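1. with the input below, show me the fold.
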Amino acid sequence: MKKFIQSTLLAFSAMLVIPTSAIASSTQPQSTEAIVPVSKTTEVLRYTKLESRSSLDSKWFDIQSPGKITVHVTQKGRLSSIKPNLTYRILSADGSSRPLGTGRFEGSGSFTFTSTKELPVGKYYILVSNTGIGRAVGTVSVTIP
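-> Just a heads-up that it's a prediction; the model follows:
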């Protein structure tokens, strides 16, 4: 019985040993998938008293690689009885007044919209306009590719 156990253990050990030549010559599989850049979400504006019929510009943000951006907004009326009505526009810092994406939201809550096309590398900002009655409170963040 003792010889049987020894020979069985010897057989198992031989199966577990990997030749060093196989380790030295093994190659790692190469991925053919494109590397996707990591996106980043940044708060670009926090407002506490956006008056009726007025607007604010966010701080500028850079796009380092072309892609669509997503804008995340939270908004509410300064008074609970007022429903805010806000419009958000993505604009280029190059002076063009043509929006590259627009979102118009009524009421309190969190909303999202995306640029209408892939944006080239450059500087951009969000213009927020209060088209409703009363003051509004909120934040604007962008997810940049």
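2. now stretch 77-93: buried residues?
-> 77, 82, 84-92 (16 or more other C-beta atoms under 10 Å). For the C-beta atoms, the positions are set from N, CA and C on the backbone; glycine is no exception.
3. which element follows the lowest-mean-pLDDT helix or strand in the chain toward the C-terminus?
-> Within the chain, no helix or strand scores below helix 20-25, which has a mean of 52 by mean pLDDT, DSSP states H and E. Sequence order places strand 40-50 as the next helix or strand after helix 20-25, per DSSP states H and E.
4. show me what the helix or strand following that next one is packed up against.
-> Heading C-terminal from strand 40-50, the first helix or strand you meet, by DSSP H and E, is strand 55-57. Here strand 55-57 touches strand 40-50, strand 122-130, going by 3 or more C-beta pairs under 8 Å, 6 or more residues apart in numbering; DSSP states H and E.
5. got the CA coordinates for the longest one in PDB?
-> Translated: strand 40-50. Extracted in PDB, the C-alpha atoms of strand 40-50 (Å, rounded to 0.1, in the frame of the first residue of the first chain):
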ATOM      1  CA  LYS A  40     -14.300  62.300 -16.500                       C
ATOM      2  CA  THR A  41     -17.200  64.100 -14.900                       C
ATOM      3  CA  THR A  42     -16.600  67.600 -13.600                       C
ATOM      4  CA  GLU A  43     -18.900  70.200 -12.000                       C
ATOM      5  CA  VAL A  44     -18.700  73.400 -14.000                       C
ATOM      6  CA  LEU A  45     -21.300  75.500 -12.400                       C
ATOM      7  CA  ARG A  46     -23.200  75.900  -9.100                       C
ATOM      8  CA  TYR A  47     -25.800  78.600  -8.900                       C
ATOM      9  CA  THR A  48     -28.000  79.700  -6.000                       C
ATOM     10  CA  LYS A  49     -29.900  82.700  -7.200                       C
ATOM     11  CA  LEU A  50     -30.500  82.500 -11.000                       C
END
